[in-house]
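Peer 1: here is my input; please provide its structure:
(one chain, ligands or ions: 2)
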Amino acid sequence: MASKVYFIKASGDEGELAISEKARKLFRAGGFEGCFKKNDFTAVKVHVGEDKNTTYIKAPCLKGLVEELVRLKTKPFITDTSTLYTGRRHNAIDHAILAAERGFSVEKLGIPFIAPDGLFGTTETAVRIDGELDREVSIATDIVRCQSILSIAHFTGHCAACAGATLKTLGMGCASRKGKMRQHAALKPQVKAGKCTRCGECRRHCPADAITMDEVQSHIDKDKCIGCAECVAVCRFDAVEYDWTQENSILQKSVAEHALGALKGKEGRAVFFNFLLSITKDCDCFDRPHMPTIVSDIGIVASIDPVAVDQASIDQVETRGGKGLPQLIGNKRLDWRYQIEHAVKIGLGRAEYEWIEISE
Ligand code: SF4
Ligand code: SF4
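Peer 2: Ligands and ions are numbered 1, 2, ... in the order given. Purely as a prediction, here's the structure:
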């Protein structure tokens, strides 16, 4: 049986208020009210964008959805976990200040930003799962303890997972620091001989101080490396590589297994929105302003199935772009199918979907 996926056309040109109202319309059309109960602690999982990033989904676009949760008398809170890499989302204090500056706050949305993994990203709960790689995953404690989740993902490409959407938002974005390290553990990048220009960009961004430079090129200390893939992402000379098929498939499978852990016990109590607006090659963790888009704005997709919502979103982007997502983001070695197929295999959802378009 196919999962229902709801869609409404939208464009950033319409303005944040119009987008907010369209998201609300989709919430009501999908009958998602039934997933939330009075007095639920409801996690509204977002990405507030790295410091200089300008293409993340802006707080006013979420106002309609937040108001729906308040109307249903839940206790919603905006949330996201700390990052492995350094930056303004690296701990709960800096993250909350950045969120407030961007309007993800009581003053602007009427609900607070609360990090679910504590001050340092280490407040975690071990969740038992029936996975292939792991039987237990480390998830942010307040994600585990809350009763329901409204996940709001900005659809983008991703330098390691190919697609950054709901599965990535749940798997990586709801894991504790330990859970994130587990997902990245498979990545062991190395610098290609003859390609490195010694620009030093990778060294500046490495959170583990794992990169050194000699007179010829940079080098990665595999014992120090935590596999965060920052160096892969920031190198403009294609000089950092890893085993794209083997290591990449393990990372994506691990993302799906952590998503399974994040949702455990919340069957029928979680809703997933993908905003297909400002669709960039790289995700909102990129500390860069005005990243170019790979396709024009499409709209908002929502479902109670986290796999179907991602499959449908990828199909939309590939149709709009006229080619596969790996080609659109300029890395033919990546393949998003690993995360979708594994998510189906471990029972997270279905890839088959029924497309239901809501009139504007
Ligand atoms: S970013 Fe790339 S080119 Fe620059 S030093 Fe690192 S590996 Fe070399
Ligand atoms: S070497 Fe690269 S992948 Fe390893 S920790 Fe540093 S930036 Fe991350």
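Peer 1: could you use CA atoms for every contact and neighbour count after this?
Peer 2: Will do.
Peer 1: can you confirm T125 is in a strand?
Peer 2: Yes: counting by DSSP: H, G, I helix; E, B strand; the rest coil, T125 is found in a strand.
Peer 1: I143 is in contact with that one, correct?
Peer 2: No: applying CA atoms under 8 Å, one finds T125 not in contact with I143, separated by 9.1 Å.
Peer 1: with neighbour numbers in mind, choose between these two.
Peer 2: Between T125 and I143, I143 has the larger neighbour count (other CA atoms under 10 Å), namely 30 against 21.
Peer 1: wait, that one touches A43, no?
Peer 2: Yes: contact criterion CA under 8 Å: I143 and A43 qualify, at 6.8 Å.
Peer 1: residue in the stretch 1-150 of the chain nearest to ligand 1?
Peer 2: Nearest residue of the stretch 1-150 of the chain to ligand 1 (CA to the nearest ligand atom) works out as Y85 at 15.9 Å.
Peer 1: sorry, slip of the keys, the one I care about is the stretch 201-350 of the chain.
Peer 2: Closest point on the stretch 201-350 of the chain to ligand 1, by CA to the nearest ligand atom, is C235, at 3.7 Å.
Peer 1: gap between that residue and L150?
Peer 2: 34 Å (CA to CA, to the nearest Å).
Peer 1: neighbour count winner among the two?
Peer 2: Counting neighbours by other CA under 10 Å for C235 and for L150 shows that L150 has the greater number, 25 against 18.
Peer 1: which ones are touching the more buried one?
Peer 2: Applying CA atoms under 8 Å, 6 or more residues apart in numbering, we find L150 in contact with T42, A43, V44, K45, A270, V271, F272, F273.
Peer 1: let's have these in TSV, adding secondary structure, distance to ligand 2 and neighbour count.
Peer 2: Listed next are these as TSV, based on DSSP: H, G, I helix; E, B strand; the rest coil; distance: CA to the nearest ligand atom, whole Å; neighbours: other CA atoms under 10 Å:
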residue	secondary structure	distance to ligand 2	neighbour count
T42	strand	32	26
A43	strand	29	27
V44	strand	28	24
K45	strand	25	26
A270	strand	32	22
V271	strand	32	24
F272	strand	29	28
F273	strand	29	27
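Peer 1: next, give me the two most distant ones among the residues you listed.
Peer 2: T42 and F273 (14.7 Å; CA to CA).
Peer 1: what's the closest of the contacts of L150 to S20?
Peer 2: F273 (12.3 Å).
Peer 1: and the gap between that closest one and A186?
Peer 2: F273 is 29 Å from A186, by CA to CA.
Peer 1: next one: G349
Peer 2: Distance from G349 to A186, counting by CA to CA: 24 Å.
Peer 1: V307 now?
Peer 2: Taken as CA to CA, the span from V307 to A186 is 23 Å.
Peer 1: same question, K195
Peer 2: Counting by CA to CA, the gap from K195 to A186 is 23 Å.
Peer 1: those two: which has the busier surroundings?
Peer 2: Taking neighbours as other CA under 10 Å, K195 and A186 compare with A186 leading, 21 against 13.
Peer 1: and the closest residue in space to the more buried one that isn't next to it in sequence, what element?
Peer 2: Among residues not flanking A186 along the chain, E247 sits closest, at 5.3 Å (CA to CA, 6 or more residues apart in numbering). In the assignment (DSSP states H and E), E247 maps to helix 246-263.
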